[in-house]
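A.B. asks: Dropping the sequence and predicted coords here.
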Amino acid sequence: MLQAMFSGVSGMQAHQTQMGVIGNNIANVNTVGFKAGRVSFQDQLSQTVRAGGAPAAEGPGGQNPAQVGLGVTLGSIDTILTQGNLQSTGKGSDLAIQGSGLFLVSDGQKVVFTRNGAFDLDSTGAMVNQATGQRLLGYQADSVGQIDPSQPITPSSTIRIPIGTLSDAKATSAAHFSGNLDASAALYSTRVDFTGNLGETAPAASILQSVSTVYDSLGNAHSVQTIFSNPVDSPSGAGVPAGATRSWDVEIKVDSVSAFNSAAGKSKLYRVGTEWQFADASGTPLGSRLSLNGGAAANEAGQVPGRSGASAFDIDLNYGTIGDAGVGIALSGVANGQTGSSPTWGATTRAYDSLGVVHLLQFKYTREHLGPGAPLGATSRWNWTATESGAVLGNHDAVGNSPLYFDSLGQLVGGGSQLITVTPSNGSLSPYTVRLDNDKLSQLASDATASVDSQDGYPASPLQSFGISGDGQVTGIYGNGQTRLLGQVVLANFSNPSGLDKIGNNLYRESSNSGAAQIGAPNLNGRGKLATTFLEMSNVDLSQEFTTLIVSQRGFQANTRIISVVDDLLQEVINLKR
């Protein structure tokens, strides 16, 4: 009978332990990262009243053993490591683990583990749980943002975020251009090519005129009028080249103002053999070209004046393809060049030297005739010049550089990479070279938009903030817009995480049954992913806990009833002697 009483006592003790675990779960219902416990029971040794017997071949059957249990004992108290709900906090240093794994933290003496990701920065920049002072551990990046994941995690492997510290300055080494140069931009004229016929039987009183439109450097139109008059067969006298068979007086008017006139001492146009020629005062042929270039030769005259700020410019009038056969006279001239939008375009960018001092670089692009040396397929050309405060840093003529060439589709076919040299005088590294990448430039009939879309230099600047990615990378954000990897948060997985020892303050340590920590970056090899600005709440289920509480209460009450009943029975036994 006493045996039943002791069984009841064991049941009370076991349920008392269960009540303690339930109470602890409920008490920690709002504890960040808390994992609920669960109690399981098992029976104690049983007293064997009769052993079991095997059945006989031709006799009685077998008999089961007769055993009386000696009560209940505690089987285990398990930690339930299910995922807790995530609560948004909006704080960038708060971390939650979605999935398996634990944070590694340390007080500087030993490494322990936790699911509590409520971290903040202390005065040294270390990420610390402010409630316990435990520092978050991981891999710290070097000064250029490189991480060595082979380094061991020790109590000193603290993640530090040095807010306010300056980043190193970086001198600009490359600038990248994109955008468009206007294909419809004005292009100044350089020549007028004439065709026609100056017939052999032209009357002496013939006058032949042709008006051509030419364009200055800003696309302003100018008229160039050619007037041929007074044809003479078999001319003779001073200045007539040998073999001349015909001559014409020539007058050139630019914007209705006479610029060249045979009657004013300049050369006539002579037919010599099969060619038209101008000649000097001695009769020496000068070719079939008349140049408005400001020269004083017999086939030269003043430049074409610019307008609205455009400079005066040269024009060659080419008469070499005019015929001299049969009857009839005709003359027409076609000039190159075009009017259009501004033939120049400017872009500005900031570049930095090795001390982080800013330099304002200015780029000027000018539409130009194709000229010799153009690459295969090129149909247009732009010259360029880079300056700083008026000082030339480089241009298309520098050794190794070239103009920008575009094909008929507006694509760049030459000049994709250029170099300029910046020469600071402030004690920084000087000179230094900047590579210009023009591969993204185009030339289409659209507004000019060419500009520098990026350059790789930056000034020194303080670390202003940071962010932590899902895979644990800690990235610093500097005031100059640059970012740099500062560190890597790591997680630990265990073969049996329920076997970890709880040591208080939401901390765990390895035990002989947990297995060794498998440490590495989040979101790899079964480790969970980090959620920034979230905290993992307790995984305690109050409805489950209250249900278990009622069951435990009834179990405890039932065991007390065993004791009271056994006590009554013992009292009856004692009363037998009366």
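C.D. replies: Cool, the structure landed.
A.B. asks: now the lengthiest strand in the chain, how far from the centre of its chain.
C.D. replies: Scanning the chain for the strand with the most residues, using DSSP state E, yields strand 221-233. Relative to the chain's own centre, strand 221-233 is displaced by 63 Å; criterion: Cα atoms, centre = their mean, to the nearest Å.
A.B. asks: likewise stretch 554-574?
C.D. replies: Worked out by Cα atoms, centre = their mean, stretch 554-574 lies 78 Å from the chain centre.
A.B. asks: Going by neighbour count, list what's buried in that stretch.
C.D. replies: Gly555, Phe556, Asn559, Ile562, Ile563, Val566 (16 or more other Cβ atoms under 10 Å). Every C-beta, even on glycine, is put in place using the N, C-alpha and C of the backbone.
A.B. asks: Could you do stretch 218-227 as well?
C.D. replies: Leu218, Gly219, Asn220, His222, Val224, Gln225, Thr226, Ile227.
A.B. asks: so can I have CSV of those showing distance to Pro203 and pLDDT?
C.D. replies: Output for the buried residues of stretch 218-227, formatted as CSV (distance: Cβ to Cβ, whole Å; pLDDT from 0 to 100):
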residue, distance to Pro203, pLDDT
Leu218, 42, 90
Gly219, 40, 91
Asn220, 38, 93
His222, 32, 96
Val224, 26, 96
Gln225, 21, 96
Thr226, 19, 96
Ile227, 16, 95
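A.B. asks: can you give me the strands in the stretch 251-400 of the chain?
C.D. replies: Assigned by DSSP state E, counting those that start in this stretch, the stretch 251-400 of the chain shows strands spanning 257-261, 269-272, 275-279, 285-287, 289-292, 300-301, 315-318, 329-335, 344-352, 358-368, 380-388, 391-395.
A.B. asks: so what does the third one touch, helix or strand wise?
C.D. replies: What that stands for is strand 275-279. Packed against strand 275-279 by the contact rule (3 or more Cβ pairs under 8 Å, 6 or more residues apart in numbering; DSSP states H and E) you find strand 269-272, strand 285-287.
A.B. asks: mind checking how far stretch 134-151 is from the chain centre?
C.D. replies: Averaging C-alpha positions (Cα atoms, centre = their mean) puts stretch 134-151 23 Å from its chain's average.
A.B. asks: right, I mislabeled it, should have said stretch 157-176
C.D. replies: Relative to its chain's centre, stretch 157-176 lies at 16 Å (Cα atoms, centre = their mean).
A.B. asks: quick one: terminal-to-terminal distance for that stretch?
C.D. replies: Using Cα to Cα, to the nearest Å, the end-to-end distance of stretch 157-176 comes out at 40 Å.
A.B. asks: check contacts around the closest residue to Gly323 other than its chain neighbours.
C.D. replies: Closest residue to Gly323 apart from its sequence neighbours, by Cβ to Cβ, 6 or more residues apart in numbering: Asn197 at 4.3 Å. By Cβ atoms under 8 Å, 6 or more residues apart in numbering, the contact set of Asn197 is Ile322, Gly323, Asp324, Ala325, Gly326, Gly328, Ile329, Ala330.
A.B. asks: Against which helices or strands is the helix or strand that contains Gln557 packed?
C.D. replies: Per DSSP states H and E, Gln557 falls inside helix 542-574. Applying 3+ Cβ pairs under 8 Å, 6+ apart, one finds that helix 542-574 contacts helix 2-27.
A.B. asks: For Phe113, pull up the helix or strand it's in.
C.D. replies: strand 111-114.
A.B. asks: And the helices in the stretch 51-200 of the chain?
C.D. replies: For the stretch 51-200 of the chain, no helices are identified by DSSP state H, counting those that start in this stretch.
A.B. asks: and what of the stretch 351-500 of the chain?
C.D. replies: Assigned helices in the stretch 351-500 of the chain: none (criterion: DSSP H, counting those that start in this stretch).
A.B. asks: pLDDT below threshold where in it?
C.D. replies: Judged against pLDDT under 70, the stretch 351-500 of the chain has no low-scoring part.
A.B. asks: Equivalent analysis for the chain, please.
C.D. replies: Scanning the chain for pLDDT under 70 picks out the ranges 1, 200, 326-327, 578.
A.B. asks: At the geometric centre of it, which residue do we find?
C.D. replies: Geometric centre of the chain, nearest residue: Ser454, 9.9 Å, by Cα atoms, centre = their mean.
A.B. asks: Please tell me I have it right and that one contacts Thr172.
C.D. replies: No. Using Cβ atoms under 8 Å, Ser454 makes no contact with Thr172, being 10.3 Å away.
A.B. asks: can you list residues touching both of those two?
C.D. replies: Joint contacts of Ser454 and Thr172 (Cβ under 8 Å, 6+ apart) do not exist.
A.B. asks: Tell me both backbone torsions, phi and psi, for the nearest residue to Pro497 once chain neighbours are set aside.
C.D. replies: Of all residues not flanking Pro497 in the chain, Leu81 sits nearest, at 5.4 Å (Cβ to Cβ, 6+ apart). Per-residue torsions, Leu81: phi -100, psi 40 (degrees, to the nearest 10).
A.B. asks: how much space between Leu81 and Val21?
C.D. replies: To Val21, Leu81 is 15 Å away according to Cβ to Cβ, to the nearest Å.
A.B. asks: Asn539 now?
C.D. replies: Distance from Asn539 to Val21, by Cβ to Cβ: 14 Å.
A.B. asks: what's the answer for Lys577, then?
C.D. replies: Counting by Cβ to Cβ, the separation of Lys577 from Val21 is 46 Å.
A.B. asks: Which of those two has more residues huddled nearby?
C.D. replies: Shown here are Lys577 and Val21; by other Cβ atoms under 10 Å, Val21 has more neighbours (18 against 5).
A.B. asks: picking that back up, nearest to Asn30, out of the strands of the stretch 251-400 of the chain?
C.D. replies: Asn30 sits nearest to strand 344-352 of all those, at 51.2 Å, using Cβ to Cβ.
A.B. asks: In terms of secondary structure, what does the closest one contact?
C.D. replies: Strand 344-352 packs on strand 174-180, strand 358-368, strand 451-455, going by 3+ Cβ pairs under 8 Å, 6+ apart.
A.B. asks: My guess is Ala558 contacts Gly11. True?
C.D. replies: Yes. Contact criterion Cβ under 8 Å: Ala558 and Gly11 qualify, at 7.4 Å.
A.B. asks: Strands of the stretch 101-250 of the chain, start to end?
C.D. replies: Taking DSSP E, counting those that start in this stretch to define them, one finds strands in the stretch 101-250 of the chain at 102-106, 111-114, 120-121, 127-128, 135-136, 138-140, 174-180, 191-198, 207-215, 221-233, 244-254.
A.B. asks: Name the nearest residue to Ala450, sequence neighbours excluded.
C.D. replies: Excluding its sequence neighbours, the residue lying closest to Ala450 (Cβ to Cβ, 6+ apart) is Gly179, at 4.0 Å.
A.B. asks: Adding distance to Ser428 and mean neighbour count, write the strands of the stretch 251-400 of the chain out as JSON lines.
C.D. replies: Output for the strands of the stretch 251-400 of the chain, formatted as JSON lines (distance: least, Cβ to Cβ, whole Å; neighbours: other Cβ atoms under 10 Å):
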{"stretch": "strand 257-261", "distance to Ser428": "54", "mean neighbour count": "17"}
{"stretch": "strand 269-272", "distance to Ser428": "63", "mean neighbour count": "22"}
{"stretch": "strand 275-279", "distance to Ser428": "59", "mean neighbour count": "22"}
{"stretch": "strand 285-287", "distance to Ser428": "56", "mean neighbour count": "18"}
{"stretch": "strand 289-292", "distance to Ser428": "50", "mean neighbour count": "22"}
{"stretch": "strand 300-301", "distance to Ser428": "52", "mean neighbour count": "22"}
{"stretch": "strand 315-318", "distance to Ser428": "48", "mean neighbour count": "21"}
{"stretch": "strand 329-335", "distance to Ser428": "51", "mean neighbour count": "17"}
{"stretch": "strand 344-352", "distance to Ser428": "9", "mean neighbour count": "18"}
{"stretch": "strand 358-368", "distance to Ser428": "10", "mean neighbour count": "19"}
{"stretch": "strand 380-388", "distance to Ser428": "14", "mean neighbour count": "21"}
{"stretch": "strand 391-395", "distance to Ser428": "15", "mean neighbour count": "17"}
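A.B. asks: Before I go, just wanted to say thanks for your time.
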